[in-house]
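Trainee: here is a sequence with its predicted model. Questions after.
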Amino acid sequence: MPAAVGGAAAKPIDKRKRGEKGEKSKKRRKSETEQEVDQQSQITTLETEILESRKHYNNIARLIELAQSYDEDAETAQSAVESLCRVFLHLLASGNLVKRRDLSEKDATVVAWLRERLAEYKDLLLSLFPRKQAGLKALVLAMAILKAEGQHLGAHEESAFPKLFLTDIVRALMDSKAERLRNEFLEKFVDEYHDIRFYTFQSIRDLLSEPAKALSESAVDNAFDMLIAIEDMPDSSDDLVEFYIDPPKSKKHQLFSISQHKKQAQEAWLALFRLGLNREQRKKVLEIMADSIAPWFTKPELLMDFLTDCYNAGGSISLLALSGVFYLIQERNLDYPAFFTKLYSLLDADILHSKYRSRFLRLLDTFLASSHLPAVLVASFIKRLARLALNAPPGAIVAIIPWFYNLFKKHPLCTFMMHRVPRTKDEKDRLESEGLADPFLPDEEDPMETHAIDSCLWEIVQLQSHYHPNVATIAKIISEQFTKQSYNQEDFLDHSYGSLLEAEMSKDVKKAPVVEYMIPKRIFSKAETGSDEKDNLLVSLWDFGGS
Amino acid sequence: MAGSQLKRLKSSLREQGIIGPQQSKKQKRKNAEDQKAKPEKRIQRSEALETIREQFNPFQFKTNARGPKFEVTTNRPANDRAARGINGRPGLSKAVGEQRRRETLLVEMQRRNKVGGIVDRRFGENDPTMSLEEKMVERFANEKLRGHKKSNIFDLEDDDEPGVGLTHMGKSLEFDEDEEKPRDDFEGEEVPSDGESDGSHAERRMLKRLRLSEADGETGEEDQPERKKTKKEIYEEIIAKSKHHKYERQAAKEEDDDLRAELDKALPELQALLFQRQKPQPKANEGQAPVLKVAGMDKTALDKDYDIRVKQLAADKRAQPAERTKTDEEKAEEEAQRLKELEEKRLRRMRGEVVDDSDDEDEDGDAKAKKGRAQSPGPDVDMIDEDDEYGLGKGIRMRPTATELGFDDEDDFEIDDDLVASGSDLDLDEDDEDEESEAESEEDDDDDDDDEFTKGLLTEAERKEAIFQAPSKTEGNDADGIPYTFPCPETHADMLVVFNGIEVTKLPVAVQRIRALHHPKLDSGNKERLGKFSQALVHHIAYLGERFEPHWFPTLESLIRHVHSLAKTFPIEVAKAYRTHVEEMEKDRPLALNVGDLVILTAVGTTFPTSDHFHQVVTPAMLSVSRFLGQKIPQDLGDFATGTYLSILALQYQQLSKRYVPELMNFCLNTLCALAHEKPAANATNLGGFFPVHEPPAGIRIDGAGKTAVRKLNCTDCQPGRDLSFREANGLKVAIISTTTAILKAAAELWGGSKVAAFYETFLPAQKVLEFMTSKTNSQHLPSELVTAVREAEVGVARLLKLAEVSRRPLELHHHKPLAIKTFVPKFEDSFDPDKHYDPDRDRAELAKLKAEHKRERKGALRELRKDAQFMAREKLRVKKVKDEAYEKKYKRLVAEIQGEEGREANAYAREKALRQKKRR
């Protein structure tokens, strides 16, 4: 057999040579195309021969050889790969690759040889993955082979999913840099077919938990990306109907059980977590935690440690972990000790400047929504945010003040922070003589102990004279009568300098703006020495040359 | 009333005086004469008869079976009919319905299944609501329209065309003179409207016919009260009147024209007369009687001439008293008054109240005028004397000196003097918001002002060069190489071309010349041109700022002032230019501003009132300043310097309104923390504040600058990415620290004194940071001079903090009038009507009304249909009966005829038979 293969392999080379000799160099271009046509027709004949009779099985080896020469002649290789796929699909369908007891020794050798060739072909396909054009096609072909294998290669009627091949594919995908390929795989196969998703989770878990082979950094990243991209958790077992390969007959199979699906996903994620995540990855995971990851977990408690760690980490990570923790509290009855204390500690100097400000404020609104919270606690939050607002950008101020209003409506006891009339004479006298020190303790960590409720919101009153007219107007709502039931917080979140400016700029100047009626005599120059004029602030603090 | 029906009738007739005892012939005649004289009596009589008739026919009325309702149950005014409990007149309405059916339905029925025939399409023929007269008028109008090409009913002009009018056999129908008479009874004499008169012709004809027919009837017909005019007639009257007036006017005008032409003809002679005889004129007047011919002109001509001159004299404008020249004091007082007004207006704008019809609030929906700002209106240090600072009003120094108001300004910038000192009206009016109403007067003022302003320019130029008088013709350069004439550059690219070759420091001269050359008064297109020029100039300022050199700043200043003065004439253009620049800046480089942007932001701050609650230019500019301060994390010393400049600018923007700028505090404190030698402790609350601290880039912290001299920052420092030696860098750092300290101090002074409510919380971190700067580890790296300054600032802030703490009071924001609790007591309706719906929901009430109406209509329609059917059945029956009767009649006739014939034959037969028998016998 090998000899025959060798003989067959020599043939096309001869042909090519002959072709080159036969044609004059005058029409070189033509000769090239002709040569290509030759190759194409040769491949077609090879393929038809294989399909015709078992005698020509050696052609497979030659086709593989042709296909491997991808670097030299891409087009030929491509068509060789395609025709090989057809050949193997045919062979698989006709059962030529199935080992049976009743086969003669010779036939068994043939089957074994064919199987070797198939493995060779698979490797070839996987090796094509990193290529740009060929990669996508190779993926499709590989999946076709996978399907055929699953359907025809399984023993005893019971179709077995070719896990090994899928694992190889996933590994190749993880190793390759082609993001498009991965997306294609996820989009066309993983999201579509539930069995593929099931086994992909399994393979990812297997690959990630292989202790022997240290995975490269990029592979882990890719696995992470893939896991993040898998969404659409099924709601019940009845939804599991889309299968790539005919599903097993028995209804008891794990493929039909949603909990098994979840389990696979959970294990894949856990395998990833075990490898450790860097800061960026953590942020990413936390961002989608409540929406995409946690629902996959059959035992979300397993996330508890992870989330608690993140929550305690401080900074933006704790902000992001908040939603995950909230999910656990809500869904899993997680008892987080001193939750509000922790929440209160998140209100640091950066929070109103943070990128995740509106996300945090939304959550904060949820946490403090209950009207059964102690007013003292709510007052602490209000006062602290008011303090922070003194140094906050306009977008943040605009967001928190309507929220204050809503809280005041919900907790009328807190309204003492806006209106506190000294009752006794003693009190009045003391105010006259000593003024008032703010009773609020900014350094106190426990929101129940800050005495915020005894304080007043001078900060917001100060913001009523904010330089931006709209902010000032919004700040004035706390000194107006509280006639409105509540403000819709969503209207006030998501403002920034950019959006405020755009809002200003989108209005056209129709009416003539007021112009200063006096043209100033000095802008950049200093006043004459000896005159009564006063330098303006700019000139007195800045050097514009001149005198 | 007892007795039989007949008896009762008799008695009631007698009661009404319709019948009485038998009258003698004499009496009868007398009565007849009386009746002729008093037609009312006849009317009374018929009325009385009517009532009697009604009285004696009880089935004519529909009444409530139980008599009238009690008054309390309904609120409807009880009119006489309702009072008598009469709900309707079934007999009458039935008769009316029957009549109507006979007119319409019956006609239709009869026409059924018939084809062809003549349809009467004359206008209104089938409209029973139109009177004969209306029909005629309408038909006539239609006919006229058909003949008319334009066929416009409102075309008033050509209606006296010939051939329009009633004709008979091609001849117009004219009525005799004496027939015009009765017409006056109906219409005003001054209404010669053709259409109307023709309409009334028909009417008259009809009347005539009537008269003929009842010629010997009662004569009272003519004496009917005057008929009420229809709307149409009234309008026609009005139209005719206006036409009449128009005609009169035209005639008068023509007369005038004739007169004028005559005068024109006589003018040369008149002139000769005038110039020749200056003196003899009075003589001529004296000697009118003896000499008929004076100086070769006859007397009438002279008279005329005299009259004309007298008229001319009367028409001459009288000399008006000039305004008294005001003394300097008065001028100053006026000026002060004006400034005070302007200041009040500014304060109102600052509080965000609506200033007249100021657009500020319209633009900014949220920023509705809200009264009661916590702080007292800030004093205007520049404009008004210090007495106002404490709200004491005008104290002793009511009249500021002229110097203070800035009229005698030795500045070389002449425009200023003109604008401020003499062109006060312009300023006033431009600030005055009701431009719409005063458009006219303002235009004048504007012109006056501009005139003076250019005059100033021109005289200035004239003094130097006489050539300037004819600028458009001269070409040439002055000593500095600046040409005297310029085209007006309308885009920045043009401007660059025009200013090419002119030294930057000489630009103001060029700008001044362009403004003089293209003064709006010189050409109508100049206004637009200068508007565009001002926009290009704004652009150019940014352009120059970007490529600045330190000695250019006086030039930039003067250019900005030029733009300012242009902004008074072209506020929208200049504002747009500034806004475009700010917008561009925000799109391209919000966090990397260059010096050009800084200059523009400064210019915005001086050109427009920064204290306004909302301002179309200042608000965006302020936002972009604070955006830089708030979001920029400085990467090198240039960023720090830029930020420092903007901090100063932000503070200067708020000089008058004293609004709070959080970003300023953040940036200043951050700068100090970043530049300090020692890193502040990780916990930000150690510094007592809640401002976010950014980690500065490496090598920014100050190190060993103990010997460096303290200098001021300048614009060169703002340029990013400069390579600085260690010494230079240290110098810059020291400069930044010292400026920032000064800013903090200025800010504390600005906002101190309980101008802002949370001064303590705001400045506590500042104090801590300043304290931190003077700590031992930090101060040893700073020059001692600076340390002293910082310490001084710290002490100042600490003092203000203490003051703030003492003056702090608990908030009492809600001394509002308590809101009334919503009441749910039903409203008591005073004039309740059970028939009416009192649904508070307007839509529902409307719907219910419509439904009721629909129901009523439906019922009515059903009833009508039913009656129609009955009518038709009745008619059919009648027709059938008539037919049957005719048949029967015919049948009977025929039978009779036959019978007659048969009888005759029978008789003949019998006779014959008898004869034969006789014969036989």
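Mentor: Yes, it's here.

Trainee: return the nearest residue of the stretch 301-450 of chain A with respect to chain B.
Mentor: With Cβ to the nearest Cβ as the measure, residue A:435 is the residue of the stretch 301-450 of chain A nearest to chain B, at 3.6 Å. Heads up, the C-betas are built off the backbone N, CA and C, glycines and all.

Trainee: show me what contacts residue A:440?
Mentor: Residues in contact with residue A:440, defined by Cβ atoms under 8 Å, 6 or more residues apart in numbering or on different chains, are A:383, A:387, A:450, A:451, A:452, A:454, A:455.

Trainee: just checking, the fourth one touches residue A:441?
Mentor: Yes: using Cβ atoms under 8 Å, residue A:451 is in contact with residue A:441, at 5.9 Å.

Trainee: hang on, the earlier thing: which residue sits closest to the residue of the stretch 301-450 of chain A closest to chain B, ignoring its sequence neighbours?
Mentor: residue B:806 (3.6 Å; Cβ to Cβ, 6 or more residues apart in numbering or on different chains).

Trainee: counting neighbours, what do you get for the residue of the stretch 151-300 of chain A found nearest chain B?
Mentor: Nearest residue of the stretch 151-300 of chain A to chain B (Cβ to the nearest Cβ) works out as residue A:279 at 16.0 Å. As a burial measure, residue A:279 scores 11 neighbours (other Cβ atoms under 10 Å in any protein chain shown).

Trainee: now swap in residue B:316 and tell me
Mentor: Every residue meeting other Cβ under 10 Å relative to residue B:316 is counted, giving 8.

Trainee: got it, and the one 5 residues further on?
Mentor: By the measure other Cβ under 10 Å, the count of residues near residue B:321 is 6.

Trainee: could you look up the SS state of it?
Mentor: When classified by DSSP: H, G, I helix; E, B strand; the rest coil, residue B:321 comes out as coil.

Trainee: the residue nearest to residue A:435 belongs to a strand?
Mentor: No: judged by three-state DSSP, residue B:806 forms no part of a strand; its state is helix.

Trainee: hmm, residue A:437 and it touching each other?
Mentor: No: counting by Cβ under 8 Å, residue B:806 does not reach residue A:437; the two are 9.7 Å apart.

Trainee: more crowded one of these two?
Mentor: Each of residue B:806 and residue A:437 has its neighbours counted (other Cβ under 10 Å); residue B:806 has more, 15 against 11.

Trainee: tell me the pLDDT at residue B:251?
Mentor: On pLDDT, residue B:251 comes in at 94.

Trainee: how does chain A divide into domains?
Mentor: Following automatic domain parsing, chain A resolves into domains at A:285-335, A:337-513.

Trainee: now residue B:791, nearest residue through space, not along the chain?
Mentor: residue B:774 is the one closest to residue B:791 (Cβ to Cβ, 6+ apart), at 5.2 Å.

Trainee: what parts of the stretch 201-350 of chain B come near chain A?
Mentor: Residues of the stretch 201-350 of chain B found near chain A (Cβ under 8 Å from any Cβ of the partner chain) are B:342, B:349.

Trainee: if we can go back for a sec, by mean pLDDT, show me the worst of the domains of chain A.
Mentor: Among the domains of chain A, domain A:285-335 scores lowest, with a mean of 79.

Trainee: spatially nearest residue to residue B:511 (excluding sequence neighbours)?
Mentor: Closest to residue B:511 by Cβ to Cβ, 6+ apart is residue B:562, at 5.1 Å.

Trainee: what helix or strand is the one you found located in?
Mentor: helix B:553-569 (DSSP states H and E).

Trainee: the next helix or strand after that helix vs helix B:553-569, what angle?
Mentor: Counting by DSSP H and E, the next helix or strand C-terminal to helix B:553-569 is helix B:571-588. For helix B:571-588 against helix B:553-569, the angle by axes from the mean of the first three to the mean of the last three Cα atoms, to 10 degrees is 120 degrees.

Trainee: so which bits of helix B:571-588 are buried?
Mentor: B:571-579, B:581-583, B:585-586 (16 or more other Cβ atoms under 10 Å in any protein chain shown).

Trainee: tell me what that helix is packed against?
Mentor: helix A:497-506, helix B:526-546, helix B:553-569, helix B:595-607, helix B:618-631 (3 or more Cβ pairs under 8 Å, 6 or more residues apart in numbering or on different chains; DSSP states H and E).

Trainee: how far off centre is stretch B:835-843?
Mentor: Put simply, stretch B:835-843 sits 35 Å off its chain's centre (Cα atoms, centre = their mean, to the nearest Å).

Trainee: now that stretch - C-alpha only, CSV.
Mentor: Provided in CSV are the C-alpha atoms of stretch B:835-843 (Å, rounded to 0.1, in the frame of the first residue of the first chain):
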residue,chain,number,x,y,z
ASP,B,835,-81.9,68.5,33.0
LYS,B,836,-78.3,69.5,32.7
HIS,B,837,-75.3,67.2,33.1
TYR,B,838,-72.8,68.3,35.6
ASP,B,839,-70.1,66.0,34.6
PRO,B,840,-66.7,67.3,35.6
ASP,B,841,-65.1,65.2,32.9
ARG,B,842,-65.5,67.5,29.9
ASP,B,843,-65.0,64.8,27.3
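
Trainee: for residue B:761, give me its contacts.
Mentor: Residue B:761 neighbours (Cβ under 8 Å, 6+ apart): A:387, A:390, A:438, A:458, A:459.

Trainee: residue 305: helix or strand, and which one exactly?
Mentor: If you meant another chain, say so; for now it's chain A. With DSSP H and E as the test, residue A:305 turns up in helix A:301-313.

Trainee: wrong one, I was asking about chain B
Mentor: In the assignment (DSSP H and E), residue B:305 maps to helix B:299-315.

Trainee: can you give me the strands in the chain?
Mentor: By default, I'm working from chain A. A:542-543 (DSSP state E).

Trainee: try again with chain B
Mentor: Using DSSP E, strands in chain B cover B:62-63, B:86-88, B:167-168, B:171-172, B:293-294, B:297-298, B:713-714.

Trainee: lowest average confidence across those strands, which one?
Mentor: Among the strands of chain B, strand B:293-294 carries the lowest mean pLDDT (a mean of 56).

Trainee: that older thread, which helices and strands does the helix holding residue A:305 pack with?
Mentor: Secondary elements touching helix A:301-313 (3+ Cβ pairs under 8 Å, 6+ apart): helix A:258-275, helix A:279-288, helix A:315-332.

Trainee: in it, what counts as buried?
Mentor: A:303, A:304, A:306, A:307, A:308, A:310, A:311.

Trainee: low-confidence ranges in the stretch 51-200 of chain B?
Mentor: B:67-86, B:147-200 (pLDDT under 70).

Trainee: could you redo the last one with a cut-off of 90?
Mentor: B:51-94, B:104-200 (pLDDT under 90).

Trainee: please apply the same query to the stretch 201-350 of chain B.
Mentor: B:201-232, B:263-305, B:309-336, B:338-350.

Trainee: hmm, 50 instead?
Mentor: For the stretch 201-350 of chain B, the stretches flagged by pLDDT under 50 are B:216-223, B:280-289, B:291.
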